[in-house]
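Enquirer: only geometry, no sequence info:
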């Protein structure tokens, strides 16, 4: 993954080095034309959430071209009550979820209803680097990778590599032997079973379908307080309820756990780098019937992750690690991993990605219009067909679901299942009182 340079408003595009050796570069685009990035499209009547999502599906499925800056924005017109929606699509090379909140949102929106949009100053068009410049950069990158490797290793990458290799080997050959946390031994043994392949792990295509919903953030906080859990634990428990419901409808409920890919920001306070994250693999007890027990097991698992991270010191930044891997090698490894020949021979690494991003607490405005909600739509990769990403904003908790419709035909089933999971916990909490 190439590193970004400059300010968030700089129009930068990718340039590949000769023979695609090493990482591509981000350079200022001399041919930048904002009209190539801005689009308007109408939403079919009656302009409700499902019609908006159908339009988002079309926007989401097309890859961004490398011959221009890796972002675009779509104005969706014709929503109910005369509203507009703005869909901002950008590559993960530009930013992760937290970076989008700290770097991208402030360039578009403001807490001041009267503030005009700040356009970056224009200057003389830059020149693209020549072949000789790119060859020189290959040498610099090689030297930089050595320094980067020292940085990453000093942050604990040797332990990370040993742990990752051990995880891959253990997942492929035997149950995990590490306890998940303090919990009854019966559940602990079940969670140690290797994740099994489900309908959520069929090879993905380029098609996407999306759904979104929001609830008061106070509701998740109240549920968390009542059960001794965090907002994130409640989010994960409801996500597990949605996946459990989907598997019961469309597939077989597995006897072992699901495994969630949970990205975690590794930023320091006031750190506004675009990409800085590590990951946790959280075992989800999909085989448990009782929703409160599922929440308790998730809380125990996430507490173990937090305790382990605190004891290990500084977290390893995966953006730094990926920088050290040649793109062609990374692509070849990914292609081999998802190949049909290996599809039935290996267990899945992930069943879903689940991410909860803290967002702005104050209301935001764009040219005098109040932003009513934010709904993030995360990426899919390999054979992981489901992404549930949430962001809190101005007292609301917005969930965006991305799925591959060739394997998960209706993303709205997932949002409905998530809401039903919250309702289950709410009913259990009321009964306990």
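Expert: Ah, there it is. All of these numbers come straight from a predicted model, not from anything done at the bench.
Enquirer: which phi and psi does the residue lying closest to residue 387 once chain neighbours are set aside have?
Expert: The spatially closest residue to residue 387, leaving aside those adjacent along the chain, is residue 378, at 3.9 Å (C-beta to C-beta, 6 or more residues apart in numbering). The C-beta positions use only the backbone N, C-alpha and C, and glycine is treated the same way. When read as degrees, to the nearest 10, the backbone of residue 378 gives phi -90, psi 170.
Enquirer: So what's the residue count around residue 378?
Expert: Neighbours of residue 378 under the rule other C-beta atoms under 10 Å: 22.
Enquirer: And residue 290, by the same measure?
Expert: Residue 290 is flanked by 12 other residues according to other C-beta under 10 Å.
Enquirer: Wasn't residue 69 part of a strand?
Expert: No - counting by DSSP: H, G, I helix; E, B strand; the rest coil, residue 69 is not found in a strand; it is coil.
Enquirer: now it: how far from residue 376?
Expert: As defined by C-beta to C-beta, to the nearest Å, residue 69 lies at a distance of 20 Å from residue 376.
Enquirer: so where do the strands sit in the stretch 151-300 of the chain?
Expert: 209-216, 258-265, 277-284 (DSSP state E, counting those that start in this stretch).
Enquirer: what comes up buried for the first one?
Expert: Under the neighbour-count criterion of 16 or more other C-beta atoms under 10 Å, strand 209-216 has 209, 210, 211, 212, 213, 214, 215 buried.
Enquirer: Can you list the low-confidence ranges for this structure?
Expert: For the chain, the stretches with pLDDT under 70 are 1-10, 17-22, 96-97, 117-188, 265-278, 308-346, 432-433.
Enquirer: Go again with 80.
Expert: 1-11, 14-27, 66, 92-104, 115-194, 263-280, 305-347, 431-433 (pLDDT under 80).
Enquirer: now residue 217, nearest residue through space, not along the chain?
Expert: Using C-beta to C-beta, 6+ apart and skipping the chain neighbours, the partner closest in space to residue 217 is residue 397 (4.6 Å).
Enquirer: Contacts for stretch 62-79 next, please.
Expert: By C-beta atoms under 8 Å, 6 or more residues apart in numbering, the list of residues contacting stretch 62-79 from outside reads 11-14, 16, 24, 29, 31-32, 36-45, 47-48, 52, 55, 59, 84-91, 93-94, 206.
Enquirer: what's the first-to-last distance across it?
Expert: Using C-alpha to C-alpha, to the nearest Å, one end of stretch 62-79 lies 23 Å from the other.
Enquirer: what's the domain layout of the chain?
Expert: The record's domain parsing of the chain by automatic domain parsing lists 12-118, 176-432.
Enquirer: Name the stretch among those domains that sits most buried.
Expert: Comparing the domains of the chain by mean neighbour count (mean count of other C-beta atoms under 10 Å), domain 176-432 comes out on top with a mean of 18.
Enquirer: and the closest residue to residue 282 other than its chain neighbours, bridged to which residues?
Expert: Distances taken as C-beta to C-beta, 6+ apart place residue 260 nearest to residue 282, at 4.7 Å, with adjacent residues excluded. On the basis of DSSP bridges, residue 260 is bridged to residue 282, residue 352.
Enquirer: ok, residue 195 - contacts?
Expert: The contact partners of residue 195, taken as C-beta under 8 Å, 6+ apart, are 171, 254, 256, 257, 258, 259, 283, 347, 348, 349, 351.
Enquirer: go with 10 Å
Expert: Residue 195 is in contact with 171, 175-176, 201, 254, 256-260, 281, 283-284, 286, 347-351, counting by C-beta atoms under 10 Å, 6 or more residues apart in numbering.
Enquirer: where along the stretch 101-250 of the chain do the helices fall?
Expert: 105-108, 131-154, 157-173, 185-191, 217-227, 231-250 (DSSP state H, counting those that start in this stretch).
Enquirer: Please verify my assumption that residue 59 contacts residue 209.
Expert: No - checked against C-beta atoms under 10 Å, the pair residue 59 and residue 209 is beyond contact range at 11.8 Å.
Enquirer: so how far is residue 11 from residue 354?
Expert: Residue 354 is 33 Å from residue 11, by C-beta to C-beta.
Enquirer: and what of residue 191?
Expert: 48 Å.
Enquirer: swap in residue 111?
Expert: Distance from residue 111 to residue 11, by C-beta to C-beta: 25 Å.
Enquirer: Ok, residue 215 next?
Expert: For residue 215 relative to residue 11 (C-beta to C-beta), the value is 37 Å.
Enquirer: now swap in residue 361 and tell me
Expert: For residue 361, the distance to residue 11 - C-beta to C-beta - is 30 Å.
Enquirer: again with residue 364
Expert: Going from residue 364 to residue 11 by C-beta to C-beta gives 23 Å.
Enquirer: Just list whatever residues bridge to residue 386.
Expert: Applying DSSP bridges to residue 386 gives these bridge partners: residue 403.
Enquirer: roughly how far apart are it and residue 11?
Expert: 33 Å.
Enquirer: With residue 67 instead?
Expert: Residue 67 is 13 Å from residue 11, by C-beta to C-beta.
Enquirer: Spit out the residues that contact those two alike.
Expert: Counting by C-beta under 10 Å, 6+ apart, the residues touching both residue 67 and residue 11 are 29, 31.
Enquirer: Alright, calling it a day.
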